[in-house]
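[1] I would like the atomic coordinates for the input below:
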Amino acid sequence: MSSIRTQFGPVTNFTITLNGLATGAARSSAKIENQGTRYVDAICQFKIKPASGSLGDRYGVYFFAWGATDDASPIYPAGVTGVDEAVSVTLETLSIREIGSVYVPGSGIIISQPFSVAQAFGNVLPPVWGVLAVNRCGLALDATDNIAFWRGVQFEVV
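    Below you'll find the predicted structure:
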């Protein structure tokens, strides 16, 4: 008798520049193409290190997922273009789905819990997707030690 079990792809870094991200600023990752791998989900995690100073009133870094259904000519939401770049924070930006946040109580390195990306899309990853980070902790992120990584999830029959 066959059974179905979870299989994880390799750990892969997002192409996103989090180092030096100013408070109140947002940054989008480069697109991740899912057409070939056909992952049903991606588990992502973030390592955040705020610069030293006084925290703001929101104390967090927020992570959103964006996607597109057409991989040949993708149309992206919220000012995203599919490359690692700064994005203006607007109401449209905040209308895309949040996948998680990291509470920033003070200085030092903070590791997020793993976040599911597919939950932002009805539990199935689209053909093209990425993440958006919005820094609302009141401090810029440090010039080093900020990274984002992910791992695809598939099912296998054994």
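
[2] any idea which helix or strand carries the most centrally placed residue in the chain?
    For the chain, the residue nearest the mean C-alpha position is residue 131 (3.3 Å; CA atoms, centre = their mean). If you go by DSSP states H and E, residue 131 is part of strand 128-136.

[3] helices or strands up against that strand?
    Of the remaining helices and strands, those touching strand 128-136 by 3 or more CB pairs under 8 Å, 6 or more residues apart in numbering; DSSP states H and E are strand 26-28, strand 32-33, strand 41-48, strand 60-68. All C-beta spots, glycine's among them, are computed from the backbone N, C-alpha and C.

[4] ok and it relative to strand 41-48, angle-wise?
    Here strand 128-136 points in a direction 30 degrees away from that of strand 41-48 (axes from the mean of the first three to the mean of the last three CA atoms, to 10 degrees).

[5] residues in contact with the very next helix or strand once past strand 128-136?
    Using DSSP H and E, the helix or strand that follows strand 128-136 in sequence is strand 147-157. Strand 147-157 has contacts (CB atoms under 8 Å, 6 or more residues apart in numbering) with 2-14, 16, 18, 29, 32, 34, 37-47, 117-118, 131, 133.

[6] So for strand 147-157, mean pLDDT?
    For strand 147-157, mean pLDDT rounds to 95.

[7] Stretch 22-31 too?
    95.

[8] If anything else comes up later, I'll come back, but that's it for now.
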